[in-house]
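Asker: next comes the sequence, and after it the predicted model I'd like to discuss.
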Amino acid sequence: EIWWRSPRLRPSSRAMDSDDVSPVDLDAIVASYAPNAAIARLLFVADRAKARDAPDEHLPPPDPAPDAALELDALRHAHDLLRASENTSLYVAVCERIGGRLGDAYSPDKDWVDAVDARAAKRLEMLESELAGYKTNAIKESIRMGHVDLGDFHRARGDAANAFKSYARTRDYCATNRHVVSTCLNVVRVGVESGNFAHVQTYCAKAASAAGQTGATTTTTTTNPIWRTSK
């Protein structure tokens with residue numbers, strides 16, 4: 001399931017009176033957040049704007065024009081950010097949601113999608129080959145960074161499941177508490193973006209435990225109690 005369709009982020013279907021919602025400064029959202037966070041907020045705004053047009057027998061019919069305009073404006077901003085990213089699956093989903101209402105420029109660009117996917121496939125092959133080489137040579141720090149690079153790749157592609165797996169695997173190669181904190185923060189970012197807040201809570205606690213231990217450069221092992229998960 002695409003993260004922005006998660007029930008945690010899906011708005012209520014109840015219509016809202018136009019006076020219930022303050023004007024939304026979409027440009028400020030784009031300027032204030034990193035791309036992934038901005039896209040999440042823009043899609044949330046679009047969902048809320050669309051929900052306000054839903055019928056409700058207890059309220060008079062709302063004027064759909066302002067809400068439709070806000071939804072499209074939020075989708076337009078999200079589209080522009082996605083066009084500069086490597087998340088082609090979400091890009092196509094947003095284009096389909098726009099449904100031609102913003103003209104041909106906001107219809108799916110198959111050539112661009114194919115080019116990005118092909119480039120990504122080559123990069124994934126390279127990253128996996130490099131990681132295999134690091135494992136062959138048993139270079140612990142290089143293996144850790146290889147998993148981080150794979151996690152960054154999958155996160156940029158919008159693949160939260162594989163990003164989580166790659167980031168989580170770095171814990172076996174952490175040599176210092178600083179490495180542990182870095183692993184936890186990477187997992188937390190993916191958890192927030194995918195709506196998996198159980199991981200967020202768990203890894204925030206692990207990061208706090210590692211950061212609070214005496215000596216930030218103290219060598220750790222894979223048997224460090226902060227990696228033990230509750231049953």
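Answerer: Now that the structure is in, tell me what you want to look at.
Asker: next SSE after the helix or strand hosting residue 97?
Answerer: Assigned by DSSP states H and E, residue 97 belongs to helix 88-98. Heading C-terminal from helix 88-98, the first helix or strand you meet, by DSSP H and E, is helix 110-137.
Asker: in this protein, what helix or strand scores lowest on average pLDDT?
Answerer: Least confident helix or strand, the chain: helix 64-83 with a mean of 87, by mean pLDDT, DSSP states H and E.
Asker: neighbouring contacts of it?
Answerer: For helix 64-83, the external contacting residues (C-beta atoms under 8 Å, 6 or more residues apart in numbering) are 18, 24, 26-27, 29-30, 35, 38-39, 42-43, 45-46, 49-50, 52-53, 90-91, 94-95, 97-98, 101-102, 106, 112. C-beta coordinates here come from the backbone N, C-alpha and C atoms, glycine included.
Asker: which of the residues you listed are buried?
Answerer: For those, a neighbour count by 16 or more other C-beta atoms under 10 Å gives the buried set as 24, 26, 29-30, 38-39, 42-43, 45-46, 49-50, 52-53, 90-91, 94-95, 97-98, 106.
Asker: check this protein and tell me which residue is nearest its centre.
Answerer: residue 193 (3.5 Å; C-alpha atoms, centre = their mean).
Asker: so that residue sits against residue 159, correct?
Answerer: No - with contact defined as C-beta atoms under 8 Å, residue 193 and residue 159 do not form a contacting pair (11.0 Å).
Asker: outside of stretch 137-144, which residues touch it?
Answerer: With C-beta under 8 Å, 6+ apart as the contact definition, stretch 137-144 has outside contacts at 131, 134, 135, 170, 173, 174, 175, 179.
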